[in-house]
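I would like the atomic coordinates for the input below:
(one chain, ligands or ions: 1)
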Amino acid sequence: MKRILPGALAVLLASGAMAAGPQPHWGYQGEHAPEHWAEMDPGFETCALGQMQSPIDIHDAHLADLPKIGFDYHAGPAEAVNNGHTIMVNLPDSGGIDIGGTHYALVQFHFHTPSEEKIDGEAYPMEAHFVHKDAEGHLAVVAVMLKEGSENAALEEIFDTLPAAEGDKHALGALDPAALLPTQRGYYAYTGSLTTPPCSEGVRWQVLKQPIEVSESQIEALRELYPANARPVQPLNGREVQESRS
Ligand SMILES: [Zn+2]
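Okay, the predicted model is just below:
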C-alpha cells in the first residue's frame, strides 16, 4: 500500500476543495468537450459506451398513433439558476405532463444553443428542454425548438436578467411554463439519454415539431453567457424515431 505523507494529503485535499463541485468540470470546449466526458469520471462512461444516446438527428421518422401529450402546466414559483453549463429554471410546483397514462411532474427547463436535436440535419438557434420525472424517477423530456423571430414575452423576465455567474440564482415571478409551448403539440418520439454527464439512458424524448419564436437579442443574451452548449448528435444504433400524425 502506498503511504500518503501528511503534506501530500494536504495537497490532495486542497486540490479537491478547489474543484467546482463534486463533479469534474465537464464542458463543451477543448479538454472539457463532449468527446472527453467519459474520460473525466468513471461515472461518465455511458457517455462513450451507451448505445441509446441523445441528442440525435431526426429523419425518416415513422408516422404512428402516438398518444397526445397531456400538458397540465400552470403558473408557480420559479427560480433561474446559472449552473455552469446553462441557464436552468427550477419549477417545484408547476404541474406536469401525462403520456399514455403515466404522469410526469415538471422539474425544470433549461436552454441549449444551438439546438442539440437536429431535424433533417438542421439545427435551430436554440432549444429548450422541459425535464419531467414520474413517481418512480423515470425521466421524460419535452424539447421545444426556438427559432429567430419576434421577442418572446414569456421569456422576457428570464432573459432580461440572466444570472451571469456560475452559481448565481434569482427568484422569478410566478411563471406559467405553458406560455413557452407552441400551439401545435405534435411531436417526434424516441428513447434516449441525458445529453449531459452522466449521459444516463432510458430517457423518454418528445421533440415538438412546431418551434416557438425568440428575438435575436434574446438568443444573444444566452450566447453571451454560453456561446455553445450543445452536445453533437449521437448514432441512432437501430432506434426507431416515431412521429405523431398531428
Ligand atoms: Zn438539455
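
C-alpha coordinates for stretch 147-165, CSV please?
Extracted C-alpha coordinates of stretch 147-165, given in CSV (Å, rounded to 0.1, in the frame of the first residue of the first chain):
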residue,chain,number,x,y,z
LYS,A,147,-36.3,30.0,-34.0
GLU,A,148,-35.4,33.6,-34.5
GLY,A,149,-38.4,35.9,-34.8
SER,A,150,-40.3,38.2,-32.6
GLU,A,151,-39.4,38.8,-28.9
ASN,A,152,-40.9,36.1,-26.7
ALA,A,153,-42.8,37.8,-23.9
ALA,A,154,-43.0,34.7,-21.8
LEU,A,155,-39.2,34.6,-21.7
GLU,A,156,-38.7,38.3,-21.1
GLU,A,157,-38.3,38.1,-17.3
ILE,A,158,-35.8,35.3,-17.6
PHE,A,159,-33.7,36.7,-20.4
ASP,A,160,-33.8,40.4,-19.2
THR,A,161,-31.8,39.4,-16.0
LEU,A,162,-30.0,36.2,-16.7
PRO,A,163,-27.9,35.1,-13.7
ALA,A,164,-24.5,36.0,-15.1
ALA,A,165,-22.0,34.0,-13.0
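
So which bits of that stretch are buried?
Neighbour counts over stretch 147-165 (16 or more other CB atoms under 10 Å) mark 152, 154-155, 158-159, 162-163 as buried. Bear in mind the C-beta positions are built from the backbone N, C-alpha and C, glycine included.

and what of stretch 186-202?
186-190, 192-199, 201.

Can you tell me which of these comes closest to residue 74?
residue 187 (20.8 Å; CB to CB).

is the closest one in a bridge, and if so with what?
Taking DSSP bridges as the rule, residue 187 bridges to residue 208.

list the contacts for it?
66, 69, 142, 206-209, 243-244 (CB atoms under 8 Å, 6 or more residues apart in numbering).

next one: residue 98
For residue 98, the contact set (CB under 8 Å, 6+ apart) comprises 69-70, 72, 104.

again with residue 68
With contact set as CB under 8 Å, 6+ apart, residue 68 has these partners: 185, 244.

In a markdown table: the contacts of residue 98, plus secondary structure and neighbour count.
As requested, the contacts of residue 98 are arranged in a markdown table below (DSSP: H, G, I helix; E, B strand; the rest coil; neighbours: other CB atoms under 10 Å):
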| residue | secondary structure | neighbour count |
| --- | --- | --- |
| 69 | coil | 20 |
| 70 | strand | 13 |
| 72 | coil | 13 |
| 104 | strand | 22 |
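
can you redo the residues you listed as a markdown table with distance to residue 230 and pLDDT?
Output for the contacts of residue 98, formatted as a markdown table (distance: CB to CB, whole Å; pLDDT from 0 to 100):
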| residue | distance to residue 230 | pLDDT |
| --- | --- | --- |
| 69 | 23 | 98 |
| 70 | 29 | 98 |
| 72 | 29 | 98 |
| 104 | 24 | 98 |
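
Who does the closest residue to residue 134 other than its chain neighbours form a beta bridge with?
The shortest distance from residue 134 to any non-neighbouring residue, by CB to CB, 6 or more residues apart in numbering, is to residue 104 (4.8 Å). When bridges are called by DSSP bridges, residue 104 pairs up with residue 97.

and residue 104, what does it touch?
96-98, 132-134, 138-140.

Could you dump those into a markdown table and include distance to residue 60 and pLDDT?
Listed next are those as a markdown table, based on distance: CB to CB, whole Å; pLDDT from 0 to 100:
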| residue | distance to residue 60 | pLDDT |
| --- | --- | --- |
| 96 | 31 | 98 |
| 97 | 26 | 98 |
| 98 | 28 | 98 |
| 132 | 27 | 98 |
| 133 | 30 | 98 |
| 134 | 29 | 98 |
| 138 | 27 | 97 |
| 139 | 25 | 98 |
| 140 | 23 | 98 |
